[in-house]
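Colleague: sequence? don't have it. structure:
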């Protein structure tokens, strides 16, 4: 039961952090890439790579803490459902160019950010 409480607190913190990122990167109007969602996904991907590598490769973070950080905080912080919704809205509005840009930037960027997290953790 204790782990669930930690997950809930971490999830609340992740949600608040995502909201904060969203306010920093406000989307201008109804067109263009939703930069707040993109930033949260890239930061979350980088942190995921760092935390995983620090736990698995170096043993600096316990398995319990890793679960709290990855499932609780980052599960709430990253915004895949919002990403999917924004893409559907762009498709419905026939904003195919922005749709493609957002899909490529977020997917390729997310993969690169996780890999960067692994590399940064190994360099520490």
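Modeller: Cool, the structure landed. Note that this is a predicted model, so its numbers are computed, not measured.
Colleague: so how far is residue 18 from residue 54?
Modeller: Distance from residue 54 to residue 18, counting by CB to CB, to the nearest Å: 22 Å. Heads up, the C-betas are built off the backbone N, CA and C, glycines and all.
Colleague: looking at those two, which is more packed in?
Modeller: In this view residue 54 and residue 18 are compared by other CB atoms under 10 Å, and residue 18 has more residues nearby, 24 against 21.
Colleague: can you check the pLDDT for that one?
Modeller: Here, the pLDDT recorded for residue 18 equals 93.
Colleague: got phi/psi on it?
Modeller: Main-chain torsions, residue 18, degrees, to the nearest 10: phi -60, psi -40.
Colleague: for residue 86, same thing?
Modeller: Torsion angles at residue 86 (phi, psi; degrees, to the nearest 10) stand at phi -60, psi -40.
Colleague: again, but for residue 59
Modeller: Dihedral pair for residue 59: phi 70, psi 20, per degrees, to the nearest 10.
Colleague: and it, what does it touch?
Modeller: By CB atoms under 8 Å, 6 or more residues apart in numbering, no residues touch residue 59.
Colleague: state the mean pLDDT of stretch 114-124.
Modeller: Mean per-residue pLDDT for stretch 114-124: 93.
Colleague: can you pull out the residues in contact with that stretch?
Modeller: Against stretch 114-124 from outside (CB under 8 Å, 6+ apart): 45, 46, 47, 48, 49, 50, 51, 52, 53, 54, 57, 58.
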